[in-house]
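> No sequence on hand, only this structure:
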């Protein structure tokens, strides 16, 4: 896996030089580089790449595009893994807002990010706020007629893959 970083970096460099940094193909190369670094647990480098990628995706594709949502999810998860609660909450909020806009509140990705927000709040010692967030997930899943999904979302936010990861091979969040 570490051998993939140099070719991915070269691919992104060539694409951005010839197509422009904001071209969809350049952005996909940048995401692949971030994903590789993430898989290698080089969190600081992966985070920088993901944040740049997310900025470009929002500008080019919009904040509710599936690729931008997936990247926001990864930004949130890295911040959470690194113990940066406030930054994780900010990234979760961006993913939730974009997901609500484009997917709706009952989409599994949106519910996963809301539950992840609750876990981050809990880890930060903000238990009352966390309880309110978990209550929100429970109410949404009850309205969907699938209250058992509540436990699924709590289990996912404990470190499972991003629910948009199935979109492309190798895109699972850490």
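Perfect, thanks for sending it. Source: prediction; values computed, not measured. Residues are numbered from 1 along each chain as shown.

> what does the host helix or strand of residue 92 rub up against?
Secondary structure from DSSP states H and E places residue 92 in helix 85-102. The contact list for helix 85-102 (CB atoms under 8 Å, 6 or more residues apart in numbering) reads 54, 62-66, 68-69, 72-73, 75-77, 79-80, 107, 109-110, 113-114, 116-117, 120-121, 123-124. Quick note: C-beta positions are derived from backbone N, CA and C, even for glycine.

> quick one: buried residues of that helix?
For helix 85-102, burial by neighbour count (16 or more other CB atoms under 10 Å) applies to 85, 87-89, 91-92, 94-99, 102.

> Identify, from those, the entry nearest to residue 138.
residue 96 (16.2 Å; CB to CB).

> Do you know the pLDDT at the closest one?
Residue 96 carries a pLDDT value of 95.

> how far away is residue 84 from residue 39?
Counting by CB to CB, to the nearest Å, the separation of residue 84 from residue 39 is 20 Å.

> Can you give me the pLDDT of the nearest residue in space to residue 60 that is not next to it in sequence?
Nearest residue to residue 60 in three dimensions, chain neighbours excluded: residue 22, at 5.0 Å (CB to CB, 6 or more residues apart in numbering). For residue 22, the model assigns a pLDDT of 94.

> Distance check, residue 22 against residue 16.
Distance of residue 22 to residue 16, computed by CB to CB: 9 Å.

> and these two? which has more neighbours close in?
Legend: neighbour count by other CB atoms under 10 Å for residue 22 and residue 16, higher for residue 16 (18 against 14).

> give me the element the more buried one is part of.
helix 5-19.

> what comes up buried for that helix?
Buried residues in helix 5-19, counted by 16+ other CB under 10 Å: 5, 8, 9, 11, 12, 15, 16.

> now do stretch 53-66
For stretch 53-66, a neighbour-count test (16+ other CB under 10 Å) marks 53, 54, 56, 57, 58, 60, 61, 63, 66 as buried.

> Show the pLDDT at the residue nearest in space to the middle of the chain.
For the chain, the residue nearest the mean C-alpha position is residue 73 (0.9 Å; CA atoms, centre = their mean). Predicted confidence (pLDDT) for residue 73: 92.
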